[in-house]
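In: Could you look at this predicted model? Sequence included:
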Amino acid sequence: MGTERFKVRVTKDHLVFCCGHFISYEGHRCERLHGHNYRAAVEVEGPLNATDFYVFDFVALKARTKTITDELDHHMLLATRNPVIRVDEHPANVRVAYKDREWVFPRGDCVLLPIENTTAELLARYIAGRLLDSLRKHHAFTPDALRVEVEENVGQSATYEWRPA
């Protein structure tokens, strides 16, 4: 008999987060400020829990993911590790500069992310990292695989996959 593998996936309308952002690309270009109605989907793999006969509780997985997407919702997403976009945080605002272009946002309207760019790929990795920490901390659960998909438009998404080393 072969090895059994199970996975659970959640994607719901309440895992939508609406944000402003812009990215740098091709090393020397920067998009105009714009927004997306992002949608997240999460998938975890692992063995069946011997007591409950499921991989992980759907309700808890949705709730943990929603907590993270709610933190991003209705904010300006700014990558703090971008090599060409400078982000300076001040008590009342965040100043952002790319070459001769500058933006100033109210501090409370921004989420500063420790990533290189606010691409769908890196947003997926950020959400996955936060979710993995949350699953370990609150549920003592480490999946065999964790996938996060971030869709920035219909038919346009990126997926990050994590597996233990």
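Out: Okay, I see it.

In: so Y25 touches V84, yeah?
Out: No: using CB atoms under 8 Å, Y25 is not in contact with V84, being 9.8 Å away. Every C-beta, even on glycine, is put in place using the N, C-alpha and C of the backbone.

In: Would you mind measuring from the closest residue to P91 other than its chain neighbours to V94?
Out: Distances taken as CB to CB, 6 or more residues apart in numbering place R107 nearest to P91, at 6.7 Å, with adjacent residues excluded. Using CB to CB, to the nearest Å, R107 is found at 6 Å from V94.

In: Show which residues not belonging to the longest strand seen in the chain make contact with it.
Out: Counting by DSSP state E, the longest strand found in the chain is strand 6-21. Outside strand 6-21, the residues that touch it by CB atoms under 8 Å, 6 or more residues apart in numbering are 33-48, 54-56, 58, 61-62, 65-66, 69-70, 72-78, 111, 118, 145, 149.

In: rerun that using 7 Å as the cut-off
Out: Contact with strand 6-21 is made by 33, 35-48, 55-56, 58, 61-62, 65-66, 69, 72-77, 118, as judged by CB atoms under 7 Å, 6 or more residues apart in numbering.

In: residues contacting R130?
Out: Residues in contact with R130 (CB under 7 Å, 6+ apart) are I68.

In: Sticking with it, tell me its helix or strand.
Out: Element membership for R130 (DSSP states H and E) is helix 120-139.

In: Mind listing what's buried along that helix?
Out: In terms of neighbour count (16 or more other CB atoms under 10 Å), helix 120-139 has its buried residues at 120, 122-132, 134-135.

In: my guess is L131 meets R64, correct?
Out: Yes: with contact defined as CB atoms under 7 Å, L131 reaches R64; the gap is 6.0 Å.

In: now the residue nearest in space to the middle of the chain, nearest residue through space, not along the chain?
Out: Residue closest to the average C-alpha location in the chain (CA atoms, centre = their mean): I127, at 3.1 Å. Nearest residue to I127, sequence neighbours excluded (CB to CB, 6+ apart): V148, at 4.9 Å.

In: Same check on R64?
Out: For R64, the spatially nearest residue (CB to CB, 6+ apart) is S134, at 4.8 Å.

In: Over to V8?
Out: V55 (5.0 Å).

In: Count the residues that sit near that neighbour.
Out: 21 (other CB atoms under 10 Å).

In: same question, the one 10 residues further on
Out: Using other CB under 10 Å, T65 is surrounded by 25 other residues.

In: Wasn't it part of a strand?
Out: No: assigned with DSSP: H, G, I helix; E, B strand; the rest coil, T65 falls outside any strand and is helix.
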